[in-house]
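Undergrad: Next one to model:
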Amino acid sequence: MELQIRSLFQTPKIFDRIARAKGPLAFIDESFRAPSQDHDSFYIVAAAVIDKAIVLEVRKELRRRVRHGTWHTTEAGRSQVGQQKIRELSAYLATVVKPVVVVVDQLQKSDRSAEAGRAKALRALLVELATEHVYLTGTVVYEKRIPGYMQAHDDLIIGQIRREKGAASSLNVIGLSTKSEPLLWIPDIIAWAFRQQYLKDGGGYFSELAKIAKVIHI
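TA: Got it, this is the predicted structure:
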């Protein structure tokens, strides 16, 4: 079976994908600092691995706790109320998901937009997920990027992995075109919380998740 690239334009379709999924599902997001922004650059890609049996329950509970139609961790982190909510959500997620984080610790200066760093981190994460956390034909969901160069670059990366016929070549990778899907809030929270720990910014946002997370530095 070849790795498939899907685009979901209506949220209800994700229920069909979950129903068809084999084994645990993984939802991924990123956080990074490009060389064009700072000489101390990095790229973080985080996955939330969730057992298929509870994924819809987790989705429902997360929506209940957030109480809004959308969630942006970066925005929430700008206020004390939002910061406390992030700690609350992180503590909850630590009881229902397995965080897997891949970090490229230093990007090449020439990688000004961090696209090469993204490719390296994404490739490593997909291989890790396929071999250790989801089935070889498992389902991985990510938020599609802005149409054009950036999304085309993601499609290129995934296409290369498919053609290589390696460990991750049979994953079902789904690009979801929405910012209102609660299941994608989860890796957003994980990536943001890990970033704070990585930069030693304090706050204890990742403390509970750290107890169960697998972190890979490359």
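Undergrad: what's near enough to touch the residue lying closest to residue 59 once chain neighbours are set aside?
TA: The spatially closest residue to residue 59, leaving aside those adjacent along the chain, is residue 182, at 4.9 Å (CB to CB, 6 or more residues apart in numbering). (Glycine included, C-beta is placed from N, CA and C.) Applying CB atoms under 8 Å, 6 or more residues apart in numbering to residue 182 gives the contacts 59, 62, 63, 66, 71.
Undergrad: Pick the one among those residues closest to residue 161.
TA: Closest approach between the contacts of residue 182 and residue 161, by CB to CB: residue 59, at 27.2 Å.
Undergrad: What's the separation between residue 130 and residue 72?
TA: According to CB to CB, to the nearest Å, residue 130 and residue 72 sit 29 Å apart.
Undergrad: Settle it for me: which of the two has more neighbours?
TA: Set residue 130 next to residue 72 and count neighbours by other CB atoms under 10 Å: residue 130 wins out with 23 against 14.
Undergrad: Retrieve the pLDDT associated with residue 1.
TA: Per-residue pLDDT puts residue 1 at 40.
Undergrad: tell me, how many neighbours does residue 167 end up with?
TA: So residue 167, with other CB under 10 Å, has 16 neighbours.
Undergrad: go on, residue 49?
TA: 23.
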